[in-house]
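**Student:** sequence and predicted structure below; questions after.
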Amino acid sequence: MTQDEDRLRLLWRWPAVLWLLIVVLLAAHQIAFWHAPKLENDVMALLPDEQNDALLAAAQQQMSAAATRQVMVLIGSSDASRSLASARAFSASVERGTELMALRDDSASNTAALAFYQPYRDRLLTADQRLYLSGTPLPLLAEQALARLYAPGLSSGPAPWRSDPLGLWTGWWQARLGTGVSIRDALPVVSRQGIEWVVLRFTTRSSGVSATGGRRVGSALDRASIAAKMTSPDVRVLRAGVPLYAEAAAERASTEVNTIGLGSLFAVIMLMWLVFRGPRPIVLVSVSLVIGVAAGAAATALVFGEVHLLTLVFGASLVGVAEDYGIHYFALRQGHETLGRHGLMRFLLPGLSTALVTSALAYLALGLAPFPGLRQMAVFSASGLFAAFATVACWFPQLDSDVSPVSRFGRAISRSLTCWPRARWRDLGTWAVATALALFVGLGLSRLVVRDDLRTLQHAPTALLAQQTELASVLGVPSPAQFYLVRGVGSEQVLQREEQLKMLLDQRLTAARITGYSAISDWVPSLSRQLADAGLSAQIEVSVLARVSAIIGDKIVRTPFAAPALRIDDWLQQPVSEPFRGRWLRTNDGQSASLLLLHGVGPRSDIALLAAQASKVPGVTWVDRSAEISRLLGHYRQMMTWLLGLGFIVVGIALWFRYRALAWRALLPSLIAMLLSVAVLGWVGEPFQLFSVLALLLLLGMGVDYGIFLVEHAGDGASWLAVSVGAASTLLAFGLLSFSATPALHVFGLTMFIGITVVWALSPCFRPLAHIFGAVDPSPVSRD
Amino acid sequence: MIAARVVFLVVMWGSSIASAAQVEPMTVGAVVRSQLIEVSVLRCRFEQVKRLQGFRNPLLSSGTVLLSRDRGVVWRTTLPFVSTLVLTRKQVVTRSADGTTHAVMRRSASPALLTANELLIALIGGDVDMLSKQFELQETLSDDGSWRLRLVPKSGPLAQMFEHIDLRGDRYVRTVSLAEASGDQTDIRFLDPSHTPDHLTASEVIAFE
């Protein structure tokens, strides 16, 4: 036997050295990767991009690109000058930092903008002004023009009275600025219910949020808020923006990775110390896991170019399954001392490989779904599992000592297998339990609710949400998720269609519970609209001037206006169009399109009513990214359920090849555990969603491992020890995951918690009687 | 800035109506401040001459002014036509001869009005401190107690609108001259100022409604 062991030891040297080389390369890659981690944390990146519509894709790209970097801040007090002073202190503090850059929107506030639009004043009318001009008797209009002319002091406003006797120009600008908005010290100030809010806009200097950087934008804004409050203690500061959410999500994710990761590590160490006494098994199993996670991250980075944060969280958890391999090895040292370390590993390899192959198959099935995130997880977990397996198989026999590590506590667990009940065909108790379980599962499943809401993926901090809601009520922030795409051949058609849509929306603002909209044609009306408005204002104003001239005994001539119309191409060249340029799209085939944004879209808005307006104007598409994502989530939940079924069959076939008639014993506990955990979701009222299915897939991979260990070494208490230690540490790791604030992770954790408990408790019930498969086992099974 | 342009720089008369808190007396304008008497209500007649580009004749108008520190200004033109302009904190309203009113603008929609009123109140209150934020002040005092105050906009939108504004007065502001950057010129004379009674009468209250 020792001769055999010596031969094996020599044989083992080559794979061990080879694996060492690979691990060194891996370490080099990881050091480079974490030096500048390419981590994606946008949930949208986890979703398939199946847009065939290039223009629509460009529109959505544009919207999310703009939204992901912008931060909006409102600073308010009852007195505008105090608000402004605080706002200046706030900006100064932000500008001192490196995280954010102030965005200046000069589209409506500077002299250049005024000068640019001035020649076209006669053709720029608001909808209300059109009604006013055509619906007011001429004598009354003349009287009002006269009153303006004689008003005390300066009355002409931005345009001389002669070129704008009715003061329409000011009204048009006010409409562009928005109701209740004025410009002071070149900053927009919004009056709402006695509070004067100064609007500040910032953009993050770096795109994306670094996972390791913490709350950099948030802290910069915190510092600036303190500066603002030093200036005036009673000012209120509201902030909103995708970077804040992203940061909060990243921060929480990293906190959770830390708590769950550390919690899991601590639990595993405690457990292994209890079972295996010495530090060696703990260190070696940890090494196998670290290498597994590193390999997963490296493989994912190599294949996809980047790693999604959620992949990291999930992948690391999935690779945690690999601890079973190491634990299995150390548990089976007990009672197999005669085999030697290398002999034992050779003896274990068939079972470990079966476990690896089945788990890897179950995880690789994830990659069948066209979700980039799921594919990342498939690659991450499968490669991670393989690396951990390779570490166990190549290194453990070399690095282990000859002392049997199992403690008295461990042996007690091993012995408990003999007392565990076994399910028998002709046993009343078995059938009673089966009937009770069937009832529980049946009723639970009937209560199960399915929810594919986008919110199951995200969870925003309440404080942020409250600020966002208040900010939106003050400002009417455009929604980045819901908007209209207006298409046409050439710019004129697009603008005309926008105007048609705006007329429909004007009548439905109240019914749809939105506060307004923002369109390109607000700034550049269609040529036909310009022509009509120029005609209307000329006709009315010439008559008004004639009447006023008669009254004051003068001959006042209307100032001539620019003959050519305001054209979108000229406008796009000007700095005034800067904030809107991204919303004007063109394709090579002569198609143009624009984005018409909605303000004040909230939970109470009538989305269906808004969506219905799109069909009334040709070329208009209603885009609702949230609804689309929810729909996709549902679609992929269904698909994943099928993949789960497929994975189950594949695993079953793989098991049949090795265990034939005994295969069902390794498979059935997992099936029951999956059904039970879904039933529990139904009982406790947690929704069934994509991430529940994901948990079931993981459960399948792990549960079948337990079945394999117990069938492979039938009646061997050491296998039972391995299963128990593995299940307990997994339970602790995923038990923590169910405390996650992210709904998706919470459901995932809960499903795992129940499933693992059940599969651990049930697997030994289906263990075959010893020696049925024992022909593989060359040594006498230890029986204490 | 649009806001500032729309400012109805109504009246630079006015004295009187006391500015609530003059925390930091400044040297500039101190003389003027010491001359003006403090009242809460002021009534007077006005004569306005506007000389505008593109007009052959100057535009002459006259009427009465009612000023309340609490409520705002009623600018009642009687010649060459009858029309009333009411400026309060909430809105600007024109009232025709037949009594029909038209809101020119409401503060809720157009906070520009707030800016206008803030400036107006500052002027009326003789708030030299506030004026000195926007304007460079040059004051000249004569032996007979009359004074002249020249306001030159420091920068920004006001500078684009005004060359300068001249105020003359003694215990009251007597004339205001606005020289606009466009070349337009407005001169307003205030006549027969009175501050008794020192509260609004019933009919005056109605004028603000």
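**Tutor:** Sure thing, it's come through. Numbers count the residues shown, from 1 in each chain, chains lettered A, B, ... in the order given.

**Student:** what number of residues lie near the nearest residue in space to residue A:66 that is not next to it in sequence?
**Tutor:** Excluding the flanking residues, the one nearest residue A:66 by Cβ to Cβ, 6 or more residues apart in numbering or on different chains is residue A:582, at 6.0 Å. All C-beta atoms are positioned from the backbone trio N, CA, C, and that covers glycine. By other Cβ atoms under 10 Å in any protein chain shown, 15 other residues sit near residue A:582.

**Student:** for residue B:41, same thing?
**Tutor:** Neighbour tally, residue B:41, other Cβ under 10 Å: 21.

**Student:** just to check, it is in contact with residue B:194?
**Tutor:** No: contact criterion Cβ atoms under 8 Å: residue B:41 and residue B:194 do not qualify, at 9.1 Å.

**Student:** can you spell out which helices and strands pack onto the helix or strand hosting residue A:550?
**Tutor:** Assigned by DSSP states H and E, residue A:550 belongs to helix A:527-552. Helix A:527-552 sits against helix A:127-135, helix A:138-150, helix A:491-506, with contacts defined as 3 or more Cβ pairs under 8 Å, 6 or more residues apart in numbering or on different chains; DSSP states H and E.

**Student:** and the next helix or strand after that helix, which residues are buried?
**Tutor:** Downstream of helix A:527-552, the next assigned helix or strand under DSSP H and E is helix A:568-573. Of the residues in helix A:568-573, those with enough neighbours to count as buried (16 or more other Cβ atoms under 10 Å in any protein chain shown) are A:568, A:571-572.

**Student:** try stretch B:171-181
**Tutor:** In stretch B:171-181, counting by 16+ other Cβ under 10 Å, buried: B:172-178, B:180.

**Student:** how confident was the prediction at residue A:224?
**Tutor:** pLDDT for residue A:224: 91.

**Student:** any chance of the backbone angles for it?
**Tutor:** Main-chain torsions, residue A:224, degrees, to the nearest 10: phi -70, psi -40.

**Student:** list the contacts for it?
**Tutor:** A:73, A:89-91, A:93-94 (Cβ atoms under 8 Å, 6 or more residues apart in numbering or on different chains).

**Student:** can you list those in JSON lines and add pLDDT?
**Tutor:** Output for those, formatted as JSON lines (pLDDT from 0 to 100):
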{"residue": "A:73", "pLDDT": "92"}
{"residue": "A:89", "pLDDT": "92"}
{"residue": "A:90", "pLDDT": "93"}
{"residue": "A:91", "pLDDT": "91"}
{"residue": "A:93", "pLDDT": "91"}
{"residue": "A:94", "pLDDT": "89"}
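
**Student:** can you give me the angle the helix holding residue A:550 makes with helix A:491-506?
**Tutor:** 70 degrees (axes from the mean of the first three to the mean of the last three Cα atoms, to 10 degrees).

**Student:** what angle separates helix A:527-552 from helix A:138-150?
**Tutor:** 70 degrees.

**Student:** if we can go back for a sec, among the helices and strands packed on helix A:527-552, which is nearest residue B:46?
**Tutor:** Residue B:46 lies closest to helix A:138-150 among the helices and strands packed on helix A:527-552, at 11.2 Å (Cβ to Cβ).

**Student:** who are the packing partners of the closest one?
**Tutor:** Using 3+ Cβ pairs under 8 Å, 6+ apart, helix A:138-150 sits against helix A:527-552, strand B:41-51, strand B:59-68, strand B:83-88, strand B:91-96.
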